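J.: Fold the following and give me the result.
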Amino acid sequence: MIIASISHYFLGLNFFEYFIVILGAFASDFDVLFVKYATDHNHRMLITHSIIPGVFIMIIGIILNWNALILCGFCLFLHVFVDTFDWGTNLLYFPKKLVGFKFLITKDEFENLDKYLAQYKQNESFFDFKYYKCKACLAIEGILFIIMILFSVINALEYIIIIPLYFAGLFFHLSLHFKLKKIEAM
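T.: Predicted coordinates:
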């Protein structure tokens, strides 16, 4: 929403274009619905968490000369790049290997992932719990939320109606988190 709001200020995006840019920022996270098909039940091993979709969408946007699609692809690309910071993502897809800075996973955890995953009833609980226990990640999320609201109000007040979508996405994300907590508590 930050990028969409700034883009709206400079490019005058209509509502549909504004929405497309925002969709690009989080659409790849709906791949959690297909986590059972991913290596180690890690949705970041799917093609949706590589740079391929973002680059493809940007190229289509360039061919069509449509700024909203270019920005959508850029947001998708940026999402995947940012995901390299916590525990990595399958950036190029074809090697099917997590790459990145991996600040949320130790070298031992990464090299002996099966041992750590075996401690949970659901493999994805390992990744989920590591994220929600990281105060820095939660603080960054909070700061970005405040910036998102400010930029939306300042640059795209007429599209403020989209902010509830953020909460719908947050609800979806948190419902998966609490589902995993419930499963692990049993």
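J.: list the helices and strands the host helix or strand of Ala4 packs on?
T.: Per DSSP states H and E: Ala4 is located in helix 2-11. In terms of contacts (3 or more C-beta pairs under 8 Å, 6 or more residues apart in numbering; DSSP states H and E), helix 2-11 is packed against helix 15-26, helix 67-86, helix 135-155. C-beta: built from backbone N, CA, C; applies to glycine.
J.: average model confidence for that helix?
T.: For helix 2-11, the mean pLDDT works out to 96.
J.: And stretch 15-22, by the same measure?
T.: For stretch 15-22, mean pLDDT is 96.
J.: Number of residues surrounding Ala68?
T.: By other C-beta atoms under 10 Å, 23 other residues sit near Ala68.
J.: follow-up on the earlier one: got the CA coordinates for the helix holding Ala4 in PDB?
T.: The C-alpha trace of helix 2-11 is given here as PDB (Å, rounded to 0.1, in the frame of the first residue of the first chain):
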ATOM      1  CA  ILE A   2       3.000   2.300   0.600                       C
ATOM      2  CA  ILE A   3       4.200   1.800  -3.000                       C
ATOM      3  CA  ALA A   4       0.600   2.000  -4.400                       C
ATOM      4  CA  SER A   5       0.000   5.300  -2.500                       C
ATOM      5  CA  ILE A   6       3.200   6.900  -3.700                       C
ATOM      6  CA  SER A   7       2.500   5.700  -7.200                       C
ATOM      7  CA  HIS A   8      -1.000   7.100  -7.100                       C
ATOM      8  CA  TYR A   9       0.400  10.500  -6.000                       C
ATOM      9  CA  PHE A  10       2.800  10.600  -9.000                       C
ATOM     10  CA  LEU A  11       0.800   8.600 -11.600                       C
END
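J.: per-residue pLDDT, His177?
T.: Looking at His177, its pLDDT reads 91.
J.: cool, and the one 4 residues further on?
T.: The pLDDT attached to Lys181 in the predicted structure is 93.
J.: Give me the neighbour count for it.
T.: Neighbourhood size, Lys181 [other C-beta under 10 Å]: 13.
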